[in-house]
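Undergrad: Only the shape, not the letters, is given here:
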Ligand SMILES: [Zn+2]
């Protein structure tokens with residue numbers, strides 16, 4: 001993965017289906033969110049972060065972010 005500018009805004013994607021339609025549905029503790037995909041129902045925990053929604057995100061922005069998605073490296077623990 002090339003160097004990234006960590007000061008850009010990010011878009012959260014579901015690792016199950018790739019949909020950006022994810023949101024916090026509850027809190028396990030004050031710093032640990034339970035996040036659910038509105039498309040496939042995938043649910044996971046996210047610690048130390050939260051989600052801010054915008055209705056002004058364009059399909060082009062989502063496409064650009066999808067092409068830049070981070071994935072865990074294969075073959076590493
Ligand atoms: Zn999903």
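TA: Received it, and whenever you're ready, just let me know what you need. Quick caveat, the model's predicted, so the values are computed rather than measured. Residues are numbered from 1 along each chain as shown.

Undergrad: And the residue lying closest to residue 51 once chain neighbours are set aside, how far from residue 14?
TA: Leaving aside its sequence neighbours, residue 51 sits nearest to residue 24 (Cβ to Cβ, 6 or more residues apart in numbering; 5.4 Å). The way it works is simple: take the backbone N, C-alpha and C, and place the C-beta from them, glycine included. Here residue 24 is placed at a distance of 13 Å from residue 14 (Cβ to Cβ, to the nearest Å).

Undergrad: rewinding a little: only the buried residues of the helix or strand where the residue nearest to residue 51 lies, if you could.
TA: Assessed by DSSP states H and E, residue 24 sits inside strand 22-29. Of the residues in strand 22-29, those with enough neighbours to count as buried (16 or more other Cβ atoms under 10 Å) are residue 22.

Undergrad: what mean pLDDT does that strand have?
TA: For strand 22-29, the per-residue pLDDT values average out at 97.

Undergrad: now that strand, how far from the centre of its chain.
TA: Chain-centre distance of strand 22-29: 13 Å, with Cα atoms, centre = their mean, to the nearest Å.

Undergrad: Strand 22-29 and the next helix or strand after it, what's the angle between them?
TA: Sequence-wise, the next helix or strand beyond strand 22-29 is strand 32-37, with elements assigned using DSSP H and E. With axes from the mean of the first three to the mean of the last three Cα atoms, to 10 degrees defining the directions, strand 32-37 sits at 150 degrees from strand 22-29.

Undergrad: Can you list the strands that strand 32-37 pairs with?
TA: When sheet partners are counted by DSSP bridges, strand 32-37 sits next to strand 22-29 (antiparallel), strand 43-47 (antiparallel).

Undergrad: What average pLDDT does that strand get?
TA: Strand 32-37 comes out with an average pLDDT of 98.

Undergrad: and what of stretch 69-77?
TA: Stretch 69-77 comes out with an average pLDDT of 74.
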